[in-house]
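>>> based on what follows, work out the 3D shape:
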Amino acid sequence: MISLRQLQHLLAVAEHRNFGRAADALHITQPALSRSIQAIEAIVGASLFDRSRTGIEPTEIGRLLIRHADQLSASARDLDREIRLAKGLDLGELRIGVGPFGGSALIGPVIGRLNQLHPRLRVRLIVAPWQELPERARAREVDVLVAELTEIHRFEDFQSVPLAEHAAILVCRPDHPLSKLAAPQGEDMFAYPLAAPRLPAEAHHRLLAGAAAASGVAPPRDGPVGIECDSSSVLKSILMHSDAVSMMPRFMVDAEVRSGQLVALPAIDLGIRTHFGVAWLRNRSMSGPGLKFIELLREHDAALALPAESA
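Sure thing, here's the model as predicted:
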C-alpha cells in the first residue's frame, strides 16, 4: 500500500519537476526521495515520470496518482486543522490571508487585540496579492482571508461576512501644489500622477468613470493610474517624495495625516468606495479562533467607519 508520506514525495517531485529541488524542499536526501518514488512505481507496476535532459514530466499513470495524492493531502491537512480546532482558542492556530494594501492596514490592531485575549493562540499572517488569496485558501494555506468583496463574490465556493463601506479620500504631500488650492477640482487632480494599487476589475471601471466625469476628459485606455504599487507603506512613501496623489480609505492614512506627513485634500468625490470582508471556503467549518477574529474585526471596522462617515 502506498503511504501518505510517499504521496507527499510524489507531489513534491511533480511540483518541482526536479528530484534535487524536491528533496531539498522535503528536507531529505535525493537518494532517499528516488527510493521512495521507485517504491511507488514497484507497487503500481509502471513508471511515474518520464526523464529527459530538460527535466521530468509525469506519465499518464503518474498524473492519475498525482491527482489523487493532491486530494488525500488536502484531506490530511483538513484533519490536522480539525484536531487543532478542537483544542480551542488557547491551543489552536489561525491562519489569516490578507492583501498588502488596505487589508493589511485594517487588521493589525485586531490581531493585537486577539493576541491580548488569547496569548497562546498561534496566529499566522500571510500577506500576498489579493489575486492569490482564494487559491491559497483552497490549498489550505489560510483559514480566513480579508479582501475586497467585489472580487470574492465571484467565487461560488466562498462565503463571506461584509465589513463597513469606506469612502476613499484624496491625499498628497503637505507642500503639494494641490494643497495650495482652496477647492481643487477633478481636472486639477488629474494633472498629477495618480498612485494606486492593482485594482479589481470593478474598482478599475469605477475609477475610469469617475475620472472621466471629474475631468471631462476620457482617461487613457489603460486607466489614469500612473504609479501602481500594492504596498500601502511604499505607496505612502512615494506620495511623501513626489507630486503623485492617491485615494485611500481614511483609516489607512490617518496616522500620516495627523503627523503632518500627508494631507487630505478637500473632497473630490470620484465615487470610489472600498468594501472589505472576511471570507472562507464554504465547505469548511469556521473555527473558534476564526469566529473570534471576525467578531473583533467587525468591531474595529465599525469604529473606524463612524468618524470616516461623519468627517
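>>> where does the stretch 101-250 of the chain dip in pLDDT?
Per-residue confidence for the stretch 101-250 of the chain (pLDDT under 70) gives these ranges: 186, 199-225.
>>> ok, now with 80
For the stretch 101-250 of the chain, applying pLDDT under 80 flags the ranges 101-105, 130, 148-153, 167, 182-190, 198-226.
>>> how close does the residue of the chain positioned farthest from its centre get to residue 51?
Ranked by distance from the centre of the chain (CA atoms, centre = their mean), the top residue is residue 45, with 42.7 Å. As judged by CB to CB, to the nearest Å, residue 45 and residue 51 stand 18 Å apart. From N, CA and C alone the C-beta is placed, and that goes for glycine too.
>>> again, but for residue 240
For residue 240 relative to residue 51 (CB to CB), the value is 54 Å.
>>> what does residue 124 give?
In terms of CB to CB, residue 124 sits 37 Å off from residue 51.
>>> and the strands in the chain?
49-52, 55-58, 93-98, 122-127, 144-148, 158-172, 194-196, 225-228, 245-249, 263-264, 273-281 (DSSP state E).
>>> possible to save those as JSON lines with distance to residue 70?
Shown next, in JSON lines, are the strands of the chain (distance: least, CB to CB, whole Å):
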{"stretch": "strand 49-52", "distance to residue 70": "16"}
{"stretch": "strand 55-58", "distance to residue 70": "12"}
{"stretch": "strand 93-98", "distance to residue 70": "19"}
{"stretch": "strand 122-127", "distance to residue 70": "20"}
{"stretch": "strand 144-148", "distance to residue 70": "21"}
{"stretch": "strand 158-172", "distance to residue 70": "20"}
{"stretch": "strand 194-196", "distance to residue 70": "37"}
{"stretch": "strand 225-228", "distance to residue 70": "34"}
{"stretch": "strand 245-249", "distance to residue 70": "38"}
{"stretch": "strand 263-264", "distance to residue 70": "49"}
{"stretch": "strand 273-281", "distance to residue 70": "16"}
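>>> in the chain, spot the helix with the most residues.
helix 60-86 (DSSP state H).
>>> report the mean confidence score over that helix.
For helix 60-86, the mean pLDDT works out to 79.
>>> distance between it and the chain's centre?
Put simply, helix 60-86 sits 23 Å off its chain's centre (CA atoms, centre = their mean, to the nearest Å).
>>> quick one: which of the strands of the chain is nearest residue 22?
Judged by CB to CB, the one of the strands of the chain that comes nearest to residue 22 is strand 55-58, at 9.7 Å.
>>> neighbour count winner among residue 240 and residue 51?
residue 240 (14 against 10; other CB atoms under 10 Å).
>>> hmm, residue 259 and that one touching each other?
No - using CB atoms under 8 Å, residue 240 is not in contact with residue 259, being 10.8 Å away.
>>> how many neighbours does the closest residue to residue 76 other than its chain neighbours have?
Among residues not flanking residue 76 along the chain, residue 4 sits closest, at 6.1 Å (CB to CB, 6 or more residues apart in numbering). Each residue near residue 4 was counted by other CB under 10 Å, and the total is 12.
>>> surely residue 4 and residue 72 touch.
Yes - using CB under 8 Å, residue 4 makes contact with residue 72 at a distance of 6.5 Å.
>>> tell me, what's touching these two both at once?
Among the neighbours of residue 4, none is also in contact with residue 72 (CB atoms under 8 Å, 6 or more residues apart in numbering).
>>> what segments of the chain are helices?
Assigned by DSSP H, the helices in the chain fall at 4-16, 19-26, 30-44, 60-86, 102-117, 133-138, 149-152, 186-189, 201-215, 232-240, 250-259, 288-310.
>>> enumerate every residue touching the residue farthest from the centre of the chain.
With CB under 8 Å, 6+ apart as the criterion, no residue contacts residue 45.
>>> repeat for residue 96
107, 111, 123, 124, 125, 126, 142, 143, 144, 145, 146, 293.
>>> for these, give me TSV that also has neighbour count and distance to residue 154.
Formatted as TSV, the contacts of residue 96 follow (neighbours: other CB atoms under 10 Å; distance: CB to CB, whole Å):
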residue	neighbour count	distance to residue 154
107	22	22
111	17	27
123	16	28
124	12	26
125	14	24
126	15	21
142	23	18
143	24	20
144	26	18
145	27	14
146	28	16
293	25	23
